[in-house]
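Asks: Have a look; sequence and predicted model below, questions after that.
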Amino acid sequence: MATTLLSSDLPGLALRHRGKVRDVFDLGDDKLLIVASDRLSAFDVVLPDPIPGKGEMLCQISNFWFGKTASLMPNHLTGIDVASVLPEGVDAALYAQRAVVTKKLKPVPIEAIARGYVIGSGWKDYQRTGRVSGIALPDGLRQAEQLPEPIFTPSTKAAVGDHDENIDFDTAVKLAGADLAEQVRDATLRLYTFAAAHAAERGIILADTKFEFGTDETGRLYVMDEMLTPDSSRYWPADEYAVGTSPPSYDKQIVRDYLETLDWDKTPPGPRLPAEVIERTRARYAEALQRLAGIHVD
Ligand SMILES: Nc1ncnc2c1ncn2[C@@H]1O[C@H](COP(=O)(O)OP(=O)(O)OP(=O)(O)O)[C@@H](O)[C@H]1O
Ligand SMILES: [Mg+2]
C-alpha cells in the first residue's frame, strides 16, 4: 500500500540532515535512520508537490541493489526493523517501505562515479579537453556514445549550493588516501559493470551512476547512501537511446518538459504541478522499480 510523505516528522529523534529528498536521523552513536520522502527536485529546486509513493519506490530500488550486490561489496544496511526504532505514536506504515536503519559510517570524501557513456558533465569536459577526470578518451566520440570500457571519474563532494567538480585520480588520492581511493575505484567499477549488465537484460541502459562509500571504526569499506536509484544514476530506456543526442532521463523528463513550458526562472519557490504530470512521473518510478527489481506497485 503506497503512502505519501512530504517531510518526516519523528518527535524525539535527532534530525541530522534534511537533503533535497532524504531526511537523516541519528540513532545513537553508531546508527542512522534514513527516510526517503516523496519530495521531487528539478533543476536543483525542491517542488512543492510530492510524488505519492516515490520515496518508497526509491528506497525499494536501493534495497534491491544492496541485496543483489552484497556479495560484491559490503553495504551500510543493518537489517534492523524500521518499526522498532520509531518513536511511540508514529504511524509505522508511513515509514516501513521508505526508511532504512544503517550503520553510521565515516564518509569517504569523494563522490564515486562510474561512466559507461559520455554524457552530462563528462560530455562537457570531453568536448573541452578530450578527457574526463584526467582520463584521455578516444577522439571523435559523439554525445551519449558508449565508452570502450567503463571509467572511474571521481568528483568532489561540493558544499550545499556548489556543484560537484570532476577530479583526476591523483586528486582523489590526496583527498581519500591511496589505499581507500584504490578500493573505491575498484568497487565502483565492479558495481557499475554488474548493475549495467543486469539493467541491459531489462531493456535499460545504465549510462552512469554515483556511489558513496564510508568506513567503519576498523577501516573497513562499505557502500552507503542510496544505490543505483534514478536519483543517483542516469538510466535510459534502451529503445529511446540514440547516439548524438541527449536521451531522455528515465524519471524526471516529464517534469522537466512541463517546467520548460512555464515562465519560471528555476529559482525557489518551484511551481505546482498538474495532477497529470504528477501521475505520469509516479508511473515512471513504478516502471523503473518493476523493470529493474521486478517489484510491482499499482
Ligand atoms: N551510512 C551512512 N553513514 C553516514 N552518512 C551517510 C550514510 N548513508 C548516507 N549518508 C549521508 O547522508 C546524507 C544524505 O543526504 P543528502 O543531502 O544526500 O540527501 P538527498 O536527499 O540525497 O539530497 P540531495 O539531492 O541534495 O543529494 C549524505 O550526506 C550522505 O553522505
Ligand atoms: Mg544525495
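Replies: That came through fine. Ligands and ions are numbered 1, 2, ... in the order given.

Asks: drop to CA atoms for contacts and neighbour counts, all remaining ones
Replies: Will do.

Asks: Could you count how many residues lie near T3?
Replies: 16 (other CA atoms under 10 Å).

Asks: List the contacts of it.
Replies: For T3, the contacting residues are 52-53, 56, 93-94, by CA atoms under 8 Å, 6 or more residues apart in numbering.

Asks: Reformat these as a markdown table; add distance to S71.
Replies: Shown next, in a markdown table, are the contacts of T3 (distance: CA to CA, whole Å):
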| residue | distance to S71 |
| --- | --- |
| P52 | 33 |
| G53 | 29 |
| E56 | 24 |
| A93 | 30 |
| L94 | 30 |
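
Asks: Separate out the buried members of those.
Replies: Among the contacts of T3, the ones that count as buried by 16 or more other CA atoms under 10 Å are 52-53, 56, 94.

Asks: how many neighbours does the closest residue to S233 other than its chain neighbours have?
Replies: Excluding the flanking residues, the one nearest S233 by CA to CA, 6 or more residues apart in numbering is T209, at 4.1 Å. As a burial measure, T209 scores 24 neighbours (other CA under 10 Å).

Asks: so where does T209 fall, helix or strand?
Replies: Element membership for T209 (DSSP states H and E) is strand 204-215.

Asks: who touches that strand?
Replies: Residues contacting strand 204-215 (CA under 8 Å, 6+ apart): 105-108, 110-117, 119, 184, 188, 192, 195-196, 199-200, 221-228, 232-238.

Asks: Farthest-apart pair in the contacts of T3, please.
Replies: Farthest-apart pair in those is P52 and A93; separation 14.2 Å (CA to CA).

Asks: Point out the residues in the stretch 51-200 of the chain that sit beside ligand 1.
Replies: 76, 102-107 (CA under 6 Å from any ligand atom).

Asks: at 8 Å instead, please
Replies: 76-77, 102-107, 160 (CA under 8 Å from any ligand atom).

Asks: got a winner among those residues for most neighbours?
Replies: For these, neighbours tallied by other CA under 10 Å; top is H76, 24 neighbours.

Asks: Would you check that it makes contact with M224?
Replies: Yes - counting by CA atoms under 8 Å, M224 is a contact partner of H76 at 5.1 Å.

Asks: burial count for L221?
Replies: Count around L221 with other CA under 10 Å applied: 23.

Asks: tell me which residues form a beta bridge with it?
Replies: T215 (DSSP bridges).

Asks: ditto for K106
Replies: Under the criterion used (DSSP bridges), K106 bridges to T215.

Asks: Can we start the residue count at 21 from this point?
Replies: Got it, the first residue is 21 from now on, which makes the last one we talked about K126.

Asks: How much space separates the residue of the stretch 121-270 of the chain found nearest ligand 1 from G109?
Replies: Nearest residue of the stretch 121-270 of the chain to ligand 1: D245, at 3.4 Å (CA to the nearest ligand atom). In this structure, D245 and G109 are 27 Å apart, going by CA to CA, to the nearest Å.

Asks: Which one's more surrounded, these two?
Replies: Per other CA under 10 Å, whichever of D245 and G109 has more neighbours is D245, with 19 against 8.

Asks: Tell me how many other residues surround the residue lying closest to the more buried one once chain neighbours are set aside.
Replies: In space, D245 comes closest to E232 once its chain neighbours are excluded; the distance is 6.0 Å by CA to CA, 6+ apart. For E232, the count of nearby residues is 21 (other CA under 10 Å).

Asks: In this structure, where's the longest helix?
Replies: helix 198-221 (DSSP state H).

Asks: Can you list the buried residues in stretch 293-311?
Replies: Buried positions in stretch 293-311, judged by neighbour count with 16+ other CA under 10 Å: 293, 298, 301-311.

Asks: Just name the closest of these to ligand 1, please.
Replies: Y305 (16.0 Å).

Asks: partners of whatever helix or strand A132 lives in, with directions?
Replies: Following DSSP H and E, the helix or strand that holds A132 is strand 130-137. Looking at strand 130-137 with DSSP bridges, its partner strands are strand 166-172 (antiparallel), strand 175-176 (antiparallel), strand 224-235 (antiparallel).

Asks: Extract the CA atoms of stretch 26-34 and return them as PDB.
Replies: C-alpha atoms of stretch 26-34 as PDB (Å, rounded to 0.1, in the frame of the first residue of the first chain):
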ATOM      1  CA  LEU A  26       6.400  15.200   2.100                       C
ATOM      2  CA  SER A  27       8.600  15.600   5.200                       C
ATOM      3  CA  SER A  28       9.300  13.200   8.000                       C
ATOM      4  CA  ASP A  29       8.000  14.100  11.500                       C
ATOM      5  CA  LEU A  30       9.600  11.900  14.200                       C
ATOM      6  CA  PRO A  31       9.400  13.700  17.500                       C
ATOM      7  CA  GLY A  32      12.300  12.600  19.800                       C
ATOM      8  CA  LEU A  33      14.700  11.600  17.100                       C
ATOM      9  CA  ALA A  34      17.600  13.900  16.300                       C
END
